[in-house]
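Visitor: Need coordinates for the following:
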Amino acid sequence: MALSPELIDSILEAEADHECGGVGEQKVCVRIVAIAELPSRFGRFQVVAFWNNRDSKDHIAILHGNPIGREDVPTRVHSECLTGDALGSLRCDCRDQLEVALQRIAQEECGMVLYLRQEGRGIGLLNKLRAYGLQDRGLDTVEANLALGFRDDEREYSIAAHMLFSLGVKSIRLLTNNPKKVEELVKHGVRVSGRLPHVIPPNEHNRFYLETKRDRSGHFLDAIGKPHLPEQGEDVRVEGVS
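Guide: Numbers count the residues shown, from 1 in each chain. Sure thing, here's the model as predicted:
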């Protein structure tokens, strides 16, 4: 069941004056400012908009069903990618990851996609395009970021953690191939009860990029070269995490 109008009104009223000590080193605090229906080609969702005290970017949660008070909620934390999500770039698998995640979440009793405004692994759109230019000259994605003075991955997940807390989610099964994403959420107090593999078939333009994520960034992408989509319900337990 989706969030009812009465529940939405209750949430918005409670969140209107929300202030807290924040999450993470930067003491990030978020609050829910809007909830609306979002029918899409992937299913029927509700979108939850969040204000935060860290930057001027708006982050959203795309909900299917009601996750409030639930455990083991299937969740995808997706970072914005203008070139992939909107323009259909084949240099990455971001659009495919987003679409497959929405399709998969729509088949669950409840689940969500957190859409974070962290373009280019947190380095921003302009720097991402600069990194693309370096990759055109032979650097891999890690080398390009380092050449520009950034770390391999500048993303952080305190906002995502607080979004989950605001939605009253008790624990999640994270749809990801990235072990660092699991570690970061756990560090911020999120209970990650399992990992759902999220392997997307490569194409000729992004195979090297995906191999770099596997070989240099530790992503679980054993299926490169033998592409497959994970079966519905496929779950990998996270050792040592409750």
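Visitor: surely R54 meets Q26?
Guide: Yes: the criterion here is C-beta atoms under 8 Å, and R54 meets it with Q26 at 5.9 Å. Heads up, the C-betas are built off the backbone N, CA and C, glycines and all.
Visitor: okay, and the common contacts of these two?
Guide: Common neighbours of R54 and Q26, counting by C-beta atoms under 8 Å, 6 or more residues apart in numbering, are S158.
Visitor: what about those two, which has more around it?
Guide: The neighbour comparison of R54 against Q26 (other C-beta atoms under 10 Å) goes to R54, with 17 against 13.
Visitor: Can you tell me how far the more buried one is from K27?
Guide: Computed as C-beta to C-beta, to the nearest Å, the R54 to K27 distance reads 9 Å.
Visitor: Helix or strand: which one has the residue nearest to L134 when sequence neighbours are not counted?
Guide: Once flanking residues are discounted, L134 sits nearest to A144: 4.0 Å by C-beta to C-beta, 6 or more residues apart in numbering. Here A144, judged by DSSP states H and E, is contained in helix 141-147.
Visitor: Please apply the same query to V77.
Guide: Going by DSSP H and E, V77 is in strand 73-79.
Visitor: how near is the residue of the chain most remote from its centre to V73?
Guide: The outermost residue of the chain relative to its centre, with distances by C-alpha atoms, centre = their mean, is R137 at 29.4 Å. Applying C-beta to C-beta, the value for R137 to V73 is 43 Å.
Visitor: Kindly report the same for A34.
Guide: A34 is 21 Å from V73, by C-beta to C-beta.
Visitor: pLDDT score for R207?
Guide: For R207, the model assigns a pLDDT of 72.
Visitor: Count the residues that sit near it.
Guide: Using other C-beta under 10 Å, R207 has 15 other residues around it.
Visitor: Then the one 4 residues further on?
Guide: Taking other C-beta under 10 Å as the neighbour definition, E211 ends up with a count of 16.
Visitor: From here on, call the first residue 5.
Guide: Got it, the first residue is 5 from now on, which makes the last one we talked about E215.
Visitor: Can you check the distance spanned by stretch 119-132, start to finish?
Guide: 18 Å (C-alpha to C-alpha, to the nearest Å).
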